[in-house]
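> sequence and predicted model, in that order:
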Amino acid sequence: MSEIKNLIERIKKFRDERDWKQFHNSKDVALSLVLEAAEVLEHFQWKSQAEIEEYIKSNKREIGEELADVLYWVLLMSHDLEIDIKEALEKKIVKNEEKYPVDKARGSHTKYNKL
């Protein structure tokens, strides 16, 4: 079994042991995903680049926990919606490679439709 499938199984077990599936409709899971992503962003809010670099050194564990929360909801939502997240990511990478060819996008932050 793949590592992603193992993680999904652990997440489902955690949820199901607590009888929380009843609360996990697609809207609320998506909301939870966005809220956790906002908690990642909180770590960087109002900080200069120098402050961010220093902050990261002493707060990696906390940032990692927030990123793990985001991944938790991504994996759970992909499972519940029957989306193979690994396959979806692989296809999205290919799509982005086509939208942002190296010869046009290298070193540029320009959106693909303006390259």
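Structure received.

> ok, which stretches of the protein are strands?
For the chain, no strands are identified by DSSP state E.

> can you spell out the domain ranges of this protein, please?
The chain breaks down by automatic domain parsing into domains covering 3-83, 84-115.

> most tightly surrounded among those?
Counting by mean count of other C-beta atoms under 10 Å, domain 3-83 has the highest mean neighbour count of the domains of the chain, with a mean of 13. To be clear about C-beta, it is placed using only N, CA and C from the backbone, and glycine gets the same treatment.

> next, work out how far apart the nearest residue to Ser78 once chain neighbours are set aside and Ser108 are.
Spatial nearest neighbour of Ser78, chain neighbours left out: Ile85 (3.9 Å); criterion: C-beta to C-beta, 6 or more residues apart in numbering. Distance of Ile85 to Ser108, computed by C-beta to C-beta, to the nearest Å: 29 Å.

> quick check: the residue nearest to Ser78 touching Ile4?
Yes. The pair Ile85 / Ile4 is scored as a contact, 6.5 Å apart, by C-beta atoms under 8 Å.

> identify the contacts common to those two.
Residues touching both Ile85 and Ile4 (C-beta atoms under 8 Å, 6 or more residues apart in numbering): Leu75.
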